[in-house]
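K.L.:
here is my input; please provide its structure:
(4 chains)
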2 protein chains.
Amino acid sequence: MPRIPAEQRRAELVAAAWRVMAAEGVAAATTRAIVAEAGMPLGAFHYCFRDKAELFHELVRHTVTEDLAAAMAPLKVTTDVRKALRDSLRGLWQRMTADRDRQLVLNELTAFSLRDPALVELQVWKYQQYLDGATRYFETLAERAGVSWGIPTALVGRMFVAVLGGASDTWLVTGDSAGGWQMLRAFATALAAQTRPLAPGRRTA
Amino acid sequence: MPRIPAEQRRAELVAAAWRVMAAEGVAAATTRAIVAEAGMPLGAFHYCFRDKAELFHELVRHTVTEDLAAAMAPLKVTTDVRKALRDSLRGLWQRMTADRDRQLVLNELTAFSLRDPALVELQVWKYQQYLDGATRYFETLAERAGVSWGIPTALVGRMFVAVLGGASDTWLVTGDSAGGWQMLRAFATALAAQTRPLAPGRRTA
DNA sequence: AACGGTCTTGGTCGGTTGACCAACTATTCG
DNA sequence: CGAATAGTTGGTCAACCGACCAAGACCGTT
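P.N.:
Numbers count the residues shown, from 1 in each chain, chains lettered A, B, ... in the order given. So this is what the prediction gives:
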């Protein structure tokens, strides 16, 4: 048997846990199912992790970090606010609808974390990151396009995150990705209509 | 021991199951926990229900029906689109944020149902009801106010449902109900701006 | 008062879960 | 080379799960 450092084994167990969750749901991610997926004996689990909670904590942390970076990538910034918004939303939407199991697990994980005080902070941090990212996006977008928002950018960001999350939920249930995309396009139009052109010669700080 | 008809006992078990879910989460709603909460012996469970799945099905059906009616109630219709929207959203938001456990269970229930083919149809029906209700609301609102939407009302309804759902999710994690309300107000403004006054003398059918 | 159906109850079955441990083996370092 | 360290393994424990059943208690009907 090749010797494997505990750190690598931890990572493999986390990856296996994720695979089990995607295939069978969070509830089915028992220690035995996880080690079976990882191809390890049962005892290996409690050698690498003190608790099942410890693995969960690491899995959530890892997943949120990864998801966060990927979610920020598709944001486009051009001089046309409506087009930039629409393109950004399309990128995000394609990414979300490309992997249903991923969104499913993400939802289950959020629901699960809300019952555990040790995990809820991670979710708070995740939403804070989403909000900050969206807010900064709208600020740079307005600056680049030479417009200003009639609403505080923090609220615009919050609305953006809420709409995307709600669209995902609806899609997970109904499976209607095309309808979701139409809605998002309409949202981009409505949001872009909330901008006003800056007076010439003036610039935001 | 007073004789109790099986039908009433079913209802009591469903109510007890809901109480357990609200207090401890959906995962903790075992048959034993439910009958303990209802103050019944364990055997009573499988006398009233064939399966645990049968109870779940009835619970989801009952809950969705109840929630649906309550969600439709706060919708106001006046001649001022923005005010009507804002008031409707405020009513809905107050109702949602008034009972955190309820929203929590509703979320867990949705996540849980998405793994069960027998339950997913109920969730589909629920979303369909939400969508239809919202769409009809926006139609009557436009008619009453003498305006028309620049976007198909079905998309407006979908956006409405998505924003509300997303706002709920964010609030469940962050606990910031005031921020959520500010966002919803801004959304009402943006949505109302999507209406155009009807040409005088013209009327929608 | 006898009966047949409705309801009630305690006990038990096989199976799964998270956690733990003692024994064993490979690797490293003095 | 030999001990100390890090990694590996199968087996086992108490607890809990959903499901089921036989036996009894109750009640309206006849």
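K.L.:
and the residue of chain A closest to DNA strand D?
P.N.:
For chain A and DNA strand D, the shortest gap (C-beta to the nearest atom of the strand) falls at A:Gly43, measuring 2.4 Å. Quick note: C-beta positions are derived from backbone N, CA and C, even for glycine.
K.L.:
and that residue, how close does it get to A:Arg50?
P.N.:
14 Å (C-beta to C-beta, to the nearest Å).
K.L.:
residues contacting the nearest residue to A:Gln129 once chain neighbours are set aside?
P.N.:
Nearest residue to A:Gln129, sequence neighbours excluded (C-beta to C-beta, 6 or more residues apart in numbering or on different chains): A:Leu68, at 5.2 Å. A:Leu68 sits next to A:Lys126, A:Gln129, A:Tyr130, A:Gly133 when contact means C-beta atoms under 8 Å, 6 or more residues apart in numbering or on different chains.
K.L.:
now A:Leu68: which helix or strand?
P.N.:
helix A:52-72 (DSSP states H and E).
K.L.:
what comes up buried for that helix?
P.N.:
Applying a neighbour-count criterion of 16 or more other C-beta atoms under 10 Å in any protein chain shown, one finds A:Leu55, A:Phe56, A:His57, A:Glu58, A:Leu59, A:Val60, A:Thr63, A:Val64, A:Asp67, A:Ala71 buried in helix A:52-72.
K.L.:
quick check, that helix touching DNA strand C?
P.N.:
Yes. With C-beta under 7 Å from any atom of the strand as the criterion, DNA strand C is reached by helix A:52-72 at A:Lys52, A:Ala53.
K.L.:
quick check: phi and psi at A:Ala29.
P.N.:
phi -80, psi 70 (degrees, to the nearest 10).
K.L.:
my read: it touches A:Ala16, true?
P.N.:
No. Look at A:Ala29 against A:Ala16 with C-beta atoms under 8 Å: they stay out of range, at 9.2 Å.
K.L.:
which of these two has more neighbours?
P.N.:
Remark: of A:Ala29 and A:Ala16, A:Ala29 carries more neighbours, 24 against 20, as counted by other C-beta atoms under 10 Å in any protein chain shown.
K.L.:
please tell me how far the more buried one sits from chain B.
P.N.:
As judged by C-beta to the nearest C-beta, to the nearest Å, A:Ala29 and chain B stand 12 Å apart.
K.L.:
and that residue, how far from A:Lys52?
P.N.:
Distance from A:Ala29 to A:Lys52, by C-beta to C-beta: 9 Å.
K.L.:
show the contacting residues for A:Pro5.
P.N.:
Counting by C-beta under 8 Å, 6+ apart, A:Pro5 touches no other residue.
K.L.:
ok, longest helix in chain A?
P.N.:
If you go by DSSP state H, chain A has its longest helix at helix A:117-145.
K.L.:
show me what that one is packed against.
P.N.:
On a contact count with 3 or more C-beta pairs under 8 Å, 6 or more residues apart in numbering or on different chains; DSSP states H and E, helix A:117-145 meets helix A:52-72, helix A:81-98, helix A:100-113, strand A:147-149, helix A:153-174, helix B:153-174.
K.L.:
quick check, A:Pro41 in a helix?
P.N.:
No. Under DSSP: H, G, I helix; E, B strand; the rest coil, A:Pro41 falls outside any helix and is assigned coil.
K.L.:
show me the contacts for the residue nearest to it when sequence neighbours are not counted.
P.N.:
Distance criterion C-beta to C-beta, 6+ apart; nearest residue to A:Pro41, sequence neighbours excluded, is A:Val35 at 6.7 Å. A:Val35 makes contacts with A:Leu13, A:Ala16, A:Pro41, A:Leu42, A:Ala44, A:Phe45, as judged by C-beta under 8 Å, 6+ apart.
K.L.:
again with A:Val147
P.N.:
Counted by C-beta under 8 Å, 6+ apart, A:Val147 has contacts A:Val81, A:Thr195, A:Arg196, A:Pro197, A:Leu198.
K.L.:
in ChimeraX, select just the buried ones from those residues.
P.N.:
Selection of buried members from these for ChimeraX, criterion 16+ other C-beta under 10 Å:
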select /A:81,195
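K.L.:
can you lay out the contacts of A:Val147 as TSV showing secondary structure?
P.N.:
Shown next, in TSV, are the contacts of A:Val147 (three-state DSSP):
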residue	secondary structure
A:Val81	helix
A:Thr195	strand
A:Arg196	strand
A:Pro197	strand
A:Leu198	coil
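K.L.:
isn't A:Gln194 up against A:Pro152?
P.N.:
No. Assessed by C-beta under 8 Å, A:Gln194 is found out of contact with A:Pro152, at 11.2 Å.
K.L.:
so where is chain A shaky, pLDDT-wise?
P.N.:
Counting by pLDDT under 70, chain A contains low-confidence ranges at A:1-4, A:6, A:199-205.
K.L.:
for A:Leu184, which non-adjacent residue is spatially closest?
P.N.:
A:Leu89 (4.6 Å).
K.L.:
distance check, that neighbour against chain B.
P.N.:
Applying C-beta to the nearest C-beta to A:Leu89 and chain B gives a distance of 12 Å.
K.L.:
again with A:Thr79
P.N.:
Using C-beta to the nearest C-beta, we find A:Thr79 at a distance of 21 Å from chain B.
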